[in-house]
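[1] okay, predicted coordinates and the sequence, questions at the end:
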Amino acid sequence: MKNTIIGIGIVIVLILGFGGYYMISNNNFTIVPTNSSDINNSPISTNPTPTTTPTPANVTVDIKNFAFNPPILNIKVGTKVVWTNNGSAPHNITSNSGGILSSATLSTGQFFSFTFTKTGSFSYHCAIHPMMKGIVVVIN
């Protein structure tokens, strides 16, 4: 019995050793984050491939409980922001100055979207409920 356990242990060590050697010798492995502090970092590859600049994704703002969530957005130029009214009351999106953001009144389930093409800080509010405020910060 003891010899069988030792034999199984040796086989496992050999398999792991040869597998690791194969992966390293072929430069065919990727290191994936294993703890929460690494989640925002991209996996590290020993065999990198050229990439193109990613297209900015859509970012959503939830309108609910008389608040914009998140109230402050930090995005890149070219990002589309979509505000969706998930509350029971009507709301709108209105620029504090400059008129860049101006939606119709949104009933429950309706949305408004805007693609930011310039850098800057864009403050907005709900004209129906002026205590509801938000800011979109756009960088290159």
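    That came through fine. Note that the structure is a prediction, hence the values are computed from the model and not measured.
[2] counting contacts, what elements does the helix or strand encompassing residue 138 pack onto?
    Using DSSP states H and E, residue 138 sits within strand 133-139. In this structure, strand 133-139 packs against strand 72-76, strand 120-125, with contacts taken as 3 or more Cβ pairs under 8 Å, 6 or more residues apart in numbering; DSSP states H and E. From N, CA and C alone the C-beta is placed, and that goes for glycine too.
[3] using a markdown table, lay out the ones you listed together with mean neighbour count and distance to residue 109.
    Below are those laid out as a markdown table (neighbours: other Cβ atoms under 10 Å; distance: least, Cβ to Cβ, whole Å):
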| stretch | mean neighbour count | distance to residue 109 |
| --- | --- | --- |
| strand 72-76 | 15 | 21 |
| strand 120-125 | 17 | 20 |
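[4] quick check: mean pLDDT across the strand holding residue 138?
    For strand 133-139, the mean pLDDT works out to 97.
[5] that one to strand 72-76, inter-axis angle?
    20 degrees (axes from the mean of the first three to the mean of the last three Cα atoms, to 10 degrees).
[6] name every strand pairing with strand 133-139 and say which way it goes.
    Paired neighbours of strand 133-139 in the sheet (DSSP bridges): strand 72-76 (parallel), strand 120-125 (antiparallel).
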